[in-house]
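K.L.:
let's see this in three dimensions:
(2 chains, ligands or ions: 4)
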Amino acid sequence: MAADIQKLVRMANQIATFFASQPGDTQAAEVAGHLKSFWEPRMLQALYAHVDAGGEGLSPLVLQAVGRLRQPA
Amino acid sequence: MKDFIIPGLDGAPAFSDRDYGTPESRSQKMVTLTIDGFEVSVPEGTSVMRASNTLGISIPKLCATDNMEAWGSCRLCAVEIEGRRGTPASCTTPVAPGMVVHTQSEKIRKLRKGVMELYISDHPLDCLTCAANGDCELQDMAGAVGLRDVRYEAPQGAPGVANHFLRRESDGTANPQWLPKDDSNPYFTYDPAKCIVCSRCVRACEEVQGTFALTIEGRGFDSRVSAGMAGDSFLSSDCVSCGACVQACPTATLQEKSVIEIGTPDRKVVTTCAYCGVGCSFEAEMRGDTVVRMTPWKHGKANRGHSCVKGRFAWGYATHNDRILHPMIRESINDPWEVVTWDEAITFAATKLRDIQAKHGRRAIGGITSSRCTNEETFLVQKMIRSVFGNNNTDTCARVCHSPTGYGLGRAFGTSAGTQDFDSVEHTDVVIVIGANPTDGHPVFASRLKKRLRQGAKLIVIDPRRTDLVRSPHIEAAHHLPLRPGTNVAVVTALAHVIVTEGLYDEAFIRERCDWDEFQHYAEFVSDARHSPEAIAMLTGVDPNELRAAARLFAKGGNGAIYYGLGVTEHSQGSTTVMGIANLAMLTGNIGRPGVGVNPLRGQNNVQGSCDMGSFPHELPGYRHVSQDATREIFEKLWGSVLDKEPGLRIPNMLDAAVEGTFKGLYVQGEDILQSDPDTRHVSAGLAAMDCVIVQDLFLNETANYAHVFLPGSTFLEKDGTFTNAERRINRVRRVMMPKNGYADWEVTMLLANAMGAGWTYTHPSQVMDEIAATTPSFAGVSYEMLEEKGSVQWPCNELHPEGTPIMHVDGFVRGKGRFIVTEYVATDERTGPRFPLLLTTGRILSQYNVGAQTRRTANVVWHDQDVLEIHPHDAEVRGIKEGDWVRLASRAGETSLRALLTDRVSPGVVYTTFHHPDTQANVITTDFSDWATNCPEYKVTAVQVALTNGPSDWQEDYAQRAERSRRVLPAAE
Ligand code: SF4
Ligand code: SF4
Ligand code: SF4
Ligand code: FES
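P.N.:
Numbering: from 1, shown residues only, chains lettered A, B, ... in the order given. Ligands and ions are numbered 1, 2, ... in the order given. Prediction:
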C-alpha cells in the first residue's frame, strides 16, 4: 500500500509542478480540473484518504486542489 | 496481368495503372501541341512521352518510368517532330507550343526494331520459364515494335561472340561476361544474365529511396549493376531492401522470390500496410487466396508508390506456423492450455467477467484496444467496455507512445493530431526532426523527406544519437544538437529564447492567430537569461552556438516544419515538450499552409485511429470528455445503455489496481503489454494478480503467458476495415483471404459482447463506420462508399470539409486563438548517480517492428537477430568491454544481459538499445516514471549501469523457462 500511495503522491505532485509554473492565479483550480478529468474515482479516493491521513509528501497545491474537489458542488 | 480488378476502383481513370513514362510537371502554364493528329494541352515541362500518354497513346520505352526523371538511354522511345532533325527520344524531349509529333512512321518502326533486336540478341530466350513471363516490359516491347526475328545470330556460344547470358561458350570455356545470380537478399534475386542496363534500379535507389546503394560499374559492354563496393552482395551492401529497384526493373533481373516460387498473380486488391503510422497503400497481388507479392500502390497518397522492407516483404507472418488458430482456455496460468470451441471459449470468458463484476463491482474489469487493429475494431472494443462492461476502463497502447501528443496539441491548438499531410514536406525549406529516427521508424516518410533535402531544404536534428539522417549519402544536417536524454524541454525553450530575444518571431501571425496576452507572458518567460543556450549548455550538453544557429535558421529559413517522435513523448515532461514544439511553430508563423506545421510521427499503423476512436478512458470517440452530458447522450441513445461519467483507469493504473486487488479482469486485443510496457516486473505482477485475462492475438505473445483465455486474432489480410495514419488519413483495409482462425477481430469482439448480453447485429465493418460517422462530428462525412470513390480521406471530413482536411488550422485554430503555454524545465526524478551512472535511451530499427511479434517471424531477422547495447568506446573502455561482449544492463527496476556494440553514435554517458526481442526484455530495465499529464511511460531515460558478464541473467533464464511452461498446450482430446 505504501508503494501505491507513493506513486499517486508523485503523480499528483508532478501535475502540481506543471501548473505551478503557469501564470495567473488559477493553479489550484487547474490541478483540480486535471485530477477530475484524468483520475479514476478509486485513485481520487485513495488520494483523499491519504490527505485525511496527513497528506505526507503532497505539495501544498495538491492539497488546495483536493480541498476544492471535495467541496460539495 | 491485364485484367486486374480493384474493388470499387474498377475503371476509375483516376486510379489507372498506366505508366506515363516521366513524372508530372507542376507548372501552371499550359502548352498545346499535336500528337498523331490529336491536339493536347499539358503543363509546361511535360515530356512528349507523357503528353502522348495523356492522349492514351503509349510510346514504346524501356528506360523511362513515371516515378523517376527520364534518362534517355534506350532510344526505344524515338519519335519524329516536324521541323526537327532526326528522331529525338520522347522521354527527354519537353513539349513546346505548336509542336507536331508523330509517334509512328516507317523510319521509327525500323529504328525501334533495330534497338530491340540488339537488346534481345544479348538476352536469354527462356521466356516460357522466366519468372516474369507475362510481366516483363522487354517482352511487351518486343511485341510492341513487332520484333519477329533477330538478325544478329544469337551467339549460341560461338567462341568469341560476346554475350552476358551464357555461362559457357560452346567449346566449354567459361564466359568471362557471365555473372552468377545474387540470392543474398531474402526477398529478391539479382540475375545479371537478364539485365539490359537501363539503370532504372539505380535511379530508383537514388531518387525514390535515397539510399544510393546501387551503381552502374564499367562502361559500354562491360557495364553492370552493382550493389555497394566491389565484392559486396545485395545483403552486405547499404541496401535496405525497400524494393524500389525491384519495382522499377522492367525485366526479371530483379525479381521477388515469391513470384519465382508461386508464379505471377492474377488479381490485385488495394489495401493498407499494417506496420507503421505512415500507412502506405499497397496492392496485394494474389493467386487464389495466396499473396504472391505486395507492391506499393502509385495512387496511395501517403507513400506515392514507395514502400519499405516491412510492408513490401515482411508479410510472411500471416501464414506462419506459430499462429494460433483455435481458441484456448485454462483455469490457472500454471495449467497447460486446453483447445476448445469458440462457443466454449467465449462462454468461459463472458461468465468469468460477469462473475468478477458480481463479486468486485462494475469497475473491476476493463480492456485494451489495439493500435494495430482497424478503426472499426477499436470502436467496438471501447463500445463493449463502455456500454456492456459499464465502465470507462479502456485504454490503448497509444498510452505508451503518443498520449502526450493528444494532450499537448489539444491544449495548444484545440485538436490532437498532426497538422499536415505527408505531401507537405515537398514544400518545406527547414525541417526540425526531434526525437525521431524516421529512416528506421518511418522509412517511406524518410525517403520523401530525404528527397526534399537533396533538393536543398535544410535539416536540424535534435537527438541524443547521431541518427542516419544526420549524415547519409547526399544529406548532411545543418545542425545536430546531441542533447542529454531528458532535457528536451530545456532545449526547445532555449530555441524559443533565441527566437524571442533576437526578435526573429512572426509578430503579424501571432497578433492575428494567437492569444496576445498569453504570448507576452510567454515571451517574458522565455527571455529570462536562465533559458539562454549558454545557461543550459551544462545541463543539456548542447553547444550554445549550434543551438543559436539552429534557432535562427528555423525562424528565418522559409517554410519551417517540425517532425517529432517518441523521443519527445516518452518522457516525464513529454506533454510539456509537445507544447513547446507547438510554441515554436506559432512563434515562427509556421502553421496553416503547405510546407510547415507540427507533425507527430506515429509508431504503430493505427495509433492515430485508436486515439480517434475513443480508446482513452476519459474520452469518447472524437476526443470528447466522458463528463460531457450531451456527448454521452448521443451514445446512450444509440446504444441503449447508461454510460459512466467518471474517467476510467489507464493501463498503468489498471496494473496498480490489479496489484492492489480491485481490478480483476482484462480483455486485451492485439497488444503485448508485457513486452511493450515499462517495468516488466510490475506488469507481470499486475497480470498475475487478475482472475481473468483474455488475450486476442495472432500468436501466443508474452502477455498470453498470464492469460486464461486465448482468442485467435486475424491479420490485416483477412478483414475489411480502415486504418488512420499519422496524417489523419483514413485508408481502406481490404480482405484478400478468409480468416484462418475463422473470424475477423471485430467479429470476435462481437461474440464476446453478445455473450455478455449486447445484442449487436453488425454484418460488415462498413456498418460500424456508419455508426462512427453518425456519432462523431469529425467523421460525419466518412463512409465506405466515399472511400471507394476517393481512395482515402483526411479527417475532419464533414459538412464544413466535404473533401477532408489535408492541412489544419488554415484560417484559424480549431480552438480559436492559439495558446502559448509556459514550458518550465523540470528534471526527471530518474537521475544518474554512483550506482547507475549512465543514461539508457531506447528506440527501434528498420527491419523490426515494435515488439517484433510479426517481423521476428519473417526473413527480416537476417538484418537484426538480437537486440544489442550501443555504448560509446570511452564508456566501454573504462569498463573493459569489447565489441560483441555480453554485458549486464542494470537499473533500479531490474537487469538484463545483451551484447555490446561500440559506437560513437551515442555520446559518452548515454547507452541505447532496441526492444524487439523478448529474450532481451529491455523493459525489465525501464522504470514506472511517466509523463506528468498522461502517464505515458518514461522509456527514453533510465539511469543504468553496464558491466561485463558471461551470458543471460538469471532473470532471463527464469523468464524463458516460465514462458516455455506457460505455453504448453494439452494434446486435443479426440
Ligand atoms: S531494395 Fe531499395 S535500397 Fe536496396 S538497392 Fe533496391 S532500391 Fe536500393
Ligand atoms: S537490373 Fe533491371 S532495372 Fe537495373 S539496369 Fe538491369 S534491367 Fe534495368
Ligand atoms: S513505411 Fe510503414 S506503412 Fe509504409 S511500408 Fe513501411 S512499415 Fe508499412
Ligand atoms: S524510354 Fe526514352 S530513351 Fe529509354
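K.L.:
check contacts around residue 47.
P.N.:
No chain in the question, so chain A it is. A:8, A:12, A:35, A:39, A:62, A:66 (Cβ atoms under 8 Å, 6 or more residues apart in numbering or on different chains). For every residue, glycine as well, the C-beta is placed using N, CA and C.
K.L.:
ah, I was thinking of chain B
P.N.:
Counted by Cβ under 8 Å, 6+ apart, residue B:47 has contacts B:21-22, B:70, B:90-95.
K.L.:
now do the lengthiest helix in chain A, average pLDDT.
P.N.:
For chain A, the longest helix by residue count, based on DSSP state H, is helix A:2-20. Mean per-residue pLDDT for helix A:2-20: 84.
K.L.:
make JSON lines out of the contacts of residue A:47 and add distance to residue B:861.
P.N.:
Below are the contacts of residue A:47 laid out as JSON lines (distance: Cβ to Cβ, whole Å):
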{"residue": "A:8", "distance to residue B:861": "42"}
{"residue": "A:12", "distance to residue B:861": "44"}
{"residue": "A:35", "distance to residue B:861": "46"}
{"residue": "A:39", "distance to residue B:861": "43"}
{"residue": "A:62", "distance to residue B:861": "49"}
{"residue": "A:66", "distance to residue B:861": "52"}
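K.L.:
among the residues you listed, which are in reach of chain B?
P.N.:
residue A:39 (Cβ under 8 Å from any Cβ of the partner chain).
K.L.:
ligand 1: which of the contacts of residue A:47 is nearest?
P.N.:
residue A:39 (48.4 Å; Cβ to the nearest ligand atom).
K.L.:
for the closest one, give me its contacts.
P.N.:
If a contact means Cβ under 8 Å, 6+ apart, then residue A:39 has A:47, B:647 as its contacts.
K.L.:
same deal with residue B:877?
P.N.:
Counting by Cβ under 8 Å, 6+ apart, residue B:877 makes contact with nothing.
K.L.:
for whichever residue of the stretch 1-150 of chain B sits closest to ligand 2, what are its contacts?
P.N.:
Ligand 2 sits closest to residue B:63 of the stretch 1-150 of chain B, with a gap of 7.5 Å, by Cβ to the nearest ligand atom. Counting by Cβ under 8 Å, 6+ apart, residue B:63 makes contact with B:70-74, B:76, B:91, B:198-200.
K.L.:
residue B:534 too?
P.N.:
Shown in contact with residue B:534 (Cβ under 8 Å, 6+ apart): residue B:544.
K.L.:
that one falls within a helix, correct?
P.N.:
Yes - according to DSSP: H, G, I helix; E, B strand; the rest coil, residue B:534 belongs to a helix.
K.L.:
can you pull the pLDDT of the most centrally placed residue in chain B?
P.N.:
Geometric centre of chain B, nearest residue: residue B:276, 2.8 Å, by Cα atoms, centre = their mean. If you check residue B:276, the pLDDT there is 86.
K.L.:
quick check: it touching residue B:608?
P.N.:
No - using Cβ atoms under 8 Å, residue B:276 is not in contact with residue B:608; the gap is 11.5 Å.
K.L.:
so the residue of the stretch 1-150 of chain B closest to ligand 2 is in which element?
P.N.:
Under DSSP states H and E, no helix or strand contains residue B:63.
K.L.:
for the stretch 601-750 of chain B, which residue gets nearest to ligand 2?
P.N.:
Per Cβ to the nearest ligand atom, residue B:736 is where the stretch 601-750 of chain B lies closest to ligand 2, at 27.9 Å.
K.L.:
my bad, chain A
P.N.:
residue A:38 (54.9 Å).
K.L.:
any idea how far that residue is from ligand 3?
P.N.:
31 Å (Cβ to the nearest ligand atom, to the nearest Å).
K.L.:
quick check: buried residues in the lowest-mean-pLDDT helix or strand in chain B?
P.N.:
For chain B, counting by mean pLDDT, DSSP states H and E, helix B:954-966 ranks last in confidence among helices and strands (a mean of 77). By neighbour count on 16 or more other Cβ atoms under 10 Å in any protein chain shown, the buried set for helix B:954-966 is B:955-956, B:959, B:963, B:966.
K.L.:
sorry, back to before: any residues in contact with both of residue B:276 and residue B:608?
P.N.:
Counting by Cβ under 8 Å, 6+ apart, the contacts common to residue B:276 and residue B:608 are residue B:602.
K.L.:
for chain B, what's the longest helix?
P.N.:
Identified as the longest helix of chain B according to DSSP H is helix B:342-360.
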